[in-house]
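J.: Quick one: sequence and predicted model below, then my questions.
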Amino acid sequence: MRLLALLERPVLAADSQQALLERAGGNPLYAEQFAELFLERGSADDLPLPETLQGIIAARLDGLPQTEKDLLRDAAVVGKVFWLSALRREAGEAATTLHALERGGYLTFEADARVRATQDLIDAGRKAQGEAELRGALAFYRSVGATLFIRRAEALLSASA
């Protein structure tokens, strides 16, 4: 994890650390988002301490390339869960941008997470529960036409049989 690199060394002067702790007010998400902002900018020089969590997230979004901002905006219009075809972009370009956003911590691939979680259940000897989760995931994937995840889930169901 990228944030672990920050834990190995002091990255802020003591007065900046104190200001960060005071602004975070015990909110670990504020501190985490500030650390992400620091990693993206590469240094704490002239790095502002926004008053709110919303301010930090806005600062992170401001630093994105326009193509990534546009894709996030369009995905947000679709909703918390969206699919590639809803973004109305060339698939290869959209996939590359989505992966860059995932690496930056701006989004997660829920479908990937669901398939991995069901695999973990099956591997842990909870085959019935894992298969039930997979069937639920498959119903969703089919409803939105997520063919890649349909193939992955079906292959996992076949392998567990």
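T.: Yep, that arrived.

J.: Give the full set of residues in contact with the closest residue to Gly63 other than its chain neighbours.
T.: For Gly63, ignoring the flanking residues on the chain, the nearest one in space by C-beta to C-beta, 6 or more residues apart in numbering is Glu40 at 5.7 Å. Quick note: C-beta positions are derived from backbone N, CA and C, even for glycine. Taking C-beta atoms under 8 Å, 6 or more residues apart in numbering, we find Glu40 in contact with Arg60, Gly63, Gly104.

J.: which residues does Ala100 contact?
T.: Glu68.

J.: what mean pLDDT does the strand or helix carrying it have?
T.: For Ala100, the host element (DSSP states H and E) is helix 91-103. For helix 91-103, the mean per-residue pLDDT is 82.

J.: Render the CA-only coordinates of the biggest helix by length in the chain in PDB, please.
T.: Longest helix in the chain, counting residues (DSSP state H): helix 127-144. The C-alpha trace of helix 127-144 is given here as PDB (Å, rounded to 0.1, in the frame of the first residue of the first chain):
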ATOM      1  CA  LYS A 127     -18.300 -23.300  -0.300                       C
ATOM      2  CA  ALA A 128     -22.100 -23.000   0.000                       C
ATOM      3  CA  GLN A 129     -21.900 -19.400   1.200                       C
ATOM      4  CA  GLY A 130     -19.300 -18.500  -1.600                       C
ATOM      5  CA  GLU A 131     -21.500 -20.100  -4.300                       C
ATOM      6  CA  ALA A 132     -24.600 -18.200  -3.000                       C
ATOM      7  CA  GLU A 133     -22.600 -15.000  -3.200                       C
ATOM      8  CA  LEU A 134     -21.400 -15.800  -6.700                       C
ATOM      9  CA  ARG A 135     -25.000 -16.500  -7.900                       C
ATOM     10  CA  GLY A 136     -26.100 -13.100  -6.500                       C
ATOM     11  CA  ALA A 137     -23.100 -11.400  -8.200                       C
ATOM     12  CA  LEU A 138     -23.900 -13.200 -11.500                       C
ATOM     13  CA  ALA A 139     -27.500 -12.000 -11.400                       C
ATOM     14  CA  PHE A 140     -26.200  -8.400 -11.100                       C
ATOM     15  CA  TYR A 141     -23.500  -8.800 -13.700                       C
ATOM     16  CA  ARG A 142     -26.000 -10.200 -16.200                       C
ATOM     17  CA  SER A 143     -28.400  -7.400 -15.500                       C
ATOM     18  CA  VAL A 144     -25.800  -4.800 -16.500                       C
END
